[in-house]
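> Prediction below, plus the sequence it came from.
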Amino acid sequence: MSFSSVHVALLAAGLAACSSAPPLVHEQERFGTATAYSRAYPVSPSATCEAARRALLSQGYLISSAKPDAVEGRKNFQHDSQTHVEIQFHVVCASKGRGSIAFANALHERYALKKSATSASLGVGVLGNFSLPFGSSEDSLVKVASETISAGDFYHRFFGLLAHYLGPEADAAPIENGSFDKGREGTRERAQEPASVKQGG
């Protein structure tokens, strides 16, 4: 095979590798109106966040912060003796018309057990301090990965449990075009209006 043929073959292989490269992270951000990270509820933001707090507590999350408009919790997992995983869950509740919107975001962080050797230090008179070749080792967890959970089913299950703690009168609806089902809301409001009382003649 001639030198030119080898050069062309290498160039073709390089182009093929470039064409199969994964897309950049920012290219995967769609910023669409329909999203798995939010749901609308026909109740106040404080009621929505309280339901979110109870939903996380019911699944073993440790609540690190709870406010009328925001809740944060975390849960730890030990897959094996060398790997530790933590899920950090964040919920923000904002008002939307007569109801509210819950925005949820979960962060998956992975830690690995690392050993660090420490040498013994000895001080001898005028010689000062010097290190000896023997000592001990210390174990420490080092973060090796951190990523936002993007699985739609994960958030779907959470929002469903949130609605459970709100009660049957607060059905969850995905955010589409910025609002929840107003037809259903209007029907509920009309059902709650007191019946008029006829005055006797």
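Structure received.

> ok, now which ones touch the residue lying closest to Phe77 once chain neighbours are set aside?
In this structure, Phe77 finds its nearest non-sequential neighbour in Val85, 4.3 Å apart by C-beta to C-beta, 6 or more residues apart in numbering. For the C-beta atoms, the positions are set from N, CA and C on the backbone; glycine is no exception. Val85 is in contact with Asn76, Phe77, Gln78, His79, His108, Glu109, Arg110, Tyr111, counting by C-beta atoms under 8 Å, 6 or more residues apart in numbering.

> In terms of pLDDT, where does the second one sit?
Translated: Phe77. Listed pLDDT for Phe77 reads 93.

> Can you pull out the residues in contact with the helix or strand where it lies?
Assigned by DSSP states H and E, Phe77 belongs to strand 70-80. Applying C-beta under 8 Å, 6+ apart, the contact partners of strand 70-80 are 49, 52-53, 56-57, 59-66, 84-93.

> Tell me the strands beside that strand, with direction?
Strand 70-80 sits in its sheet next to strand 62-67 (antiparallel), strand 83-96 (antiparallel), going by DSSP bridges.

> Quick check: buried residues in the first one?
Residues of strand 62-67 classed as buried by neighbour count (16 or more other C-beta atoms under 10 Å): Ala66.

> quick one: contacts of it?
Strand 62-67 is touched from outside by Cys49, Arg53, Leu56, Leu57, Val71, Glu72, Gly73, Arg74, Lys75, with contacts defined as C-beta under 8 Å, 6+ apart.

> how many neighbours does the last one have?
Around Lys75 sit 15 other residues, with neighbours defined as other C-beta atoms under 10 Å.
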